[in-house]
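> Got a predicted model here, sequence first, then my questions.
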Amino acid sequence: MGRTVPLAPAFLPTSAHCLLQMRLLILKVTNWLRCSKDVFNPSQPRQSFYGLKCFLGMYFATPALLIGGYAVAAETNNPINHKLEVQTEGRTISLKGPLFKPWTNQVIELVNSDQFDTLRIDSRGGELEASMELAKAIHSHGLVVVVTHACNSSCANYIFPAGSRRKIETGAFVLWHGDARQSNLVDRYNRLIAREKLSGREGLTPTERGSLDYFKKTLEMQDAFYTLVGIDGRVARIGQEVSNPVPLWALSKEDMAKFGLVNIDAPPDYASPNYCKTWTMNHETTSPIHCLRLDTQDFDKVSEREQK
């Protein structure tokens, strides 16, 4: 029997969840008020149109920005559970749930104890910084990463690549849907940088300053992480940049190897069209899963676009 690890006092899951929701609410309300000034401006229809895009964009984009796309990448219609379940058995740590602090900090303590050599995980993702810090510990201590069911979003971006070896069990998936360098986020970051240069930091709203600082920190962390583990971070964006973009994708072992993701044990038919079809038939999904097959032309297009 595995041992369930008590990760935090009982009040932490509730209070941490409430704090996250309050942060999202404050950010949304602040930006909605700013956008609404343009939305309801009939004398300037063009400005009103872009204000409406801003208004609606904040509704859908804010959660993805703050929590690393966890809700967007959720692969079932089940409500999101913000508690990370942790068990240990022998030299194995098993994780199930989202990757948020303070729970990831305490998993890092387990990893740093040097008592474990394997991490089994089922996670739809989580917050970027929390996920990367855990991934760095996994990489530093040479743990094997085993995906038992799903490894989406920040799990796919950081936890899976961090393993000294990687295993995808039969019926499991590693699914990407973007990262901190995806084009829409980088475009917003560059616009904020340009505005800061033009009008100074005081010319930005508090929300914009917070967004700018968050962008800068996560971009630097992510670039350093990809360099550390020796992979090409475009693996987390390739599905958005190919000729026919898709919202959520898996890659074959052969295609993952093009990005430096090697030493992978996976089912022989992993990420084949039939594998995708079978999985979709057996699970209720909120977003269609695409098993991509990359050709040289698609890969070259992404290379050219990111060099600009």
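Now that the structure is in, tell me what you want to look at.

> Mind listing the strands the longest strand along the chain pairs with, and their directions?
Across the chain, the longest stretch assigned as strand under DSSP state E is strand 144-152. Using DSSP bridges, strand 144-152 pairs in its sheet with strand 118-123 (parallel), strand 166-168 (parallel), strand 173-175 (parallel).

> For the very next helix or strand once past that strand, which helices and strands make contact with it?
Downstream of strand 144-152, the next assigned helix or strand under DSSP states H and E is helix 154. Using 3 or more CB pairs under 8 Å, 6 or more residues apart in numbering; DSSP states H and E as the contact test, the elements touching helix 154 are helix 128-140. Placement of C-beta: from N, CA and C, glycine included.

> Go ahead and name everything in contact with the helix it packs on.
Identification of contacts with helix 128-140 by CB atoms under 8 Å, 6 or more residues apart in numbering yields 68, 99-101, 104-105, 107-108, 111-112, 119, 125, 145, 154-155, 157-159, 161-164, 179-180, 217-218, 221-222, 225, 228-229.

> Which ones among those lie within strands?
119, 145.

> Check the contacts of helix 128-140 for burial and list the buried ones.
For these, a burial check counting by 16 or more other CB atoms under 10 Å picks out 68, 99-101, 104, 107-108, 111, 119, 125, 145, 154-155, 157-159, 161-163, 179-180, 218, 221-222, 225, 229.

> Looking at those residues, which are in helices?
104, 107-108, 111, 154, 161-162, 218, 221-222, 225, 229 (DSSP state H).

> In the residues you listed, find the pair that's most separated.
Pairwise distances across these (CB to CB) peak at 21.5 Å, for the pair 111 and 218.

> Now do the SS call for residue 209.
At residue 209 the chain is in helix, as set by DSSP: H, G, I helix; E, B strand; the rest coil.

> what about the stretch 201-308 of the chain, any weak spots by pLDDT?
Of all residues in the stretch 201-308 of the chain, those with pLDDT under 70 make up the ranges 285-286, 296-308.

> Please enumerate the strands of it.
249-251, 264-265, 290-292 (DSSP state E, counting those that start in this stretch).

> closest to residue 283 out of these?
Closest to residue 283 of the strands of the stretch 201-308 of the chain, according to CB to CB: strand 249-251, at 13.3 Å.

> Tell me the helices and strands packed up against that closest one.
Helices and strands touching strand 249-251, by 3+ CB pairs under 8 Å, 6+ apart, are strand 173-175, helix 238-241, strand 290-292.

> Any chance of JSON lines for those, columns mean neighbour count and distance to residue 252?
Shown next, in JSON lines, are the helices and strands packed on strand 249-251 (neighbours: other CB atoms under 10 Å; distance: least, CB to CB, whole Å):
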{"stretch": "strand 173-175", "mean neighbour count": "25", "distance to residue 252": "11"}
{"stretch": "helix 238-241", "mean neighbour count": "21", "distance to residue 252": "12"}
{"stretch": "strand 290-292", "mean neighbour count": "20", "distance to residue 252": "8"}
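
> Now render those as a markdown table, adding distance to residue 140.
Formatted as a markdown table, those follow (distance: least, CB to CB, whole Å):
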| stretch | distance to residue 140 |
| --- | --- |
| strand 173-175 | 21 |
| helix 238-241 | 27 |
| strand 290-292 | 31 |
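
> Great, nothing more from me.
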